[in-house]
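S.K.: Starting from these lines, generate the structure:
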Amino acid sequence: MAAKRTIVRRLWQLLGLACVGVLALGLLIGIAEGWTRTLAHGRCHDTPAACPADSVGLVLGCSRKLRNGRTNMYFTGRIQAAARLWRSGRVSCLIVSGDNRTHQYNEPDDMRAALVAQGVPANRIVCDYAGLCTYDSVARAKLIFGARQLIIVSQADHAERAVAIARHLDIPAAGLKAPLVPVNRPTFLKQYLRERAARVAMVYDFITFRTPRHLGQPESLPSS
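M.R.: As a prediction, the model looks like this:
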């Protein structure tokens, strides 16, 4: 009997710890959501016309192709939105920022080529090969490229988080929402959970005053 009571007691202790963990995680997610929405409130737009003029465009990277070889529609949506932004005259140039882990995987070069195909002049596109995450892409736009005001291009949730990061770093910024991609429920759930986790990571970056993983010498943006 004593052994059974010990087992039951331990199970209750584990259950209590699990409940505390779930509550703590829920609180952390709530803080991240509230912080993001407060900083980005009213600053993410559906059209370039609603965005501020005299800005620099920042296009956040993603892979051009999915693992099954199909075109990534998130990539296509961002390129289409960035091309519309350029044609609107709201930006003097576009920074395409992403990962460049191998010769076969190069987000900035892929974005640059796609934008040129959309009619954006090649000499108005700047590649940031050290945009390993959203926080780094936004911070480097200011620290390395000297951007004073950003219009950040990505899908709605991502753009909202990027604008929140920019404002936390004292960078005037707006977001341009790229088209959303119709997805099935498992994919939607995966993307939703991924974004929640990214917002929690963003809060950690804020409170630790993290700097980008790679800095380097300042680089000039194309003059107007």
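
S.K.: State the distance from Leu15 to Val22.
M.R.: Separation of Leu15 from Val22 (CB to CB, to the nearest Å): 11 Å. Bear in mind the C-beta positions are built from the backbone N, C-alpha and C, glycine included.

S.K.: do His158 as well
M.R.: On the measure of CB to CB, His158 and Val22 end up 26 Å apart.

S.K.: burial count for Leu66?
M.R.: Look at Leu66: counted by other CB atoms under 10 Å, it has 12 neighbours.

S.K.: I figured it hits Asn72, correct?
M.R.: Yes: with contact defined as CB atoms under 8 Å, Leu66 counts as touching Asn72 (5.2 Å).

S.K.: what's the longest helix in this protein?
M.R.: helix 2-40 (DSSP state H).

S.K.: That one: what's the following helix or strand?
M.R.: Next along the chain after helix 2-40, taking DSSP states H and E as the criterion, comes strand 44-45.

S.K.: Report the mean confidence score over that following strand.
M.R.: Regarding strand 44-45, the rounded mean pLDDT is 97.

S.K.: Strand partners (parallel or antiparallel) of it?
M.R.: Applying DSSP bridges, strand 44-45 is found paired with strand 173-178 (parallel).

S.K.: Keeping just the C-alphas, turn the strand it pairs with into CSV.
M.R.: Taking Å, rounded to 0.1, in the frame of the first residue of the first chain, the C-alpha atoms of strand 173-178 are listed here in CSV:
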residue,chain,number,x,y,z
ALA,A,173,8.5,50.7,-40.2
ALA,A,174,5.4,49.6,-41.9
GLY,A,175,4.4,46.2,-43.3
LEU,A,176,3.1,45.3,-46.7
LYS,A,177,1.1,42.1,-46.6
ALA,A,178,1.9,39.6,-49.3
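
S.K.: where are the low-confidence patches of the chain?
M.R.: 1-5, 7-9, 13, 16, 67, 103, 183-184, 224 (pLDDT under 70).

S.K.: Nearest residue to the residue nearest the centre of it in space, please, no chain neighbours.
M.R.: Centroid-nearest residue in the chain, with CA atoms, centre = their mean: Thr134, separated by 4.1 Å. Spatial nearest neighbour of Thr134, excluding adjacent residues (CB to CB, 6 or more residues apart in numbering): Ala162 at 5.3 Å.

S.K.: For the chain, which segments are assigned as helices?
M.R.: Under DSSP H, the chain gives helices at 2-40, 73-88, 107-117, 134-143, 156-168, 185-208.
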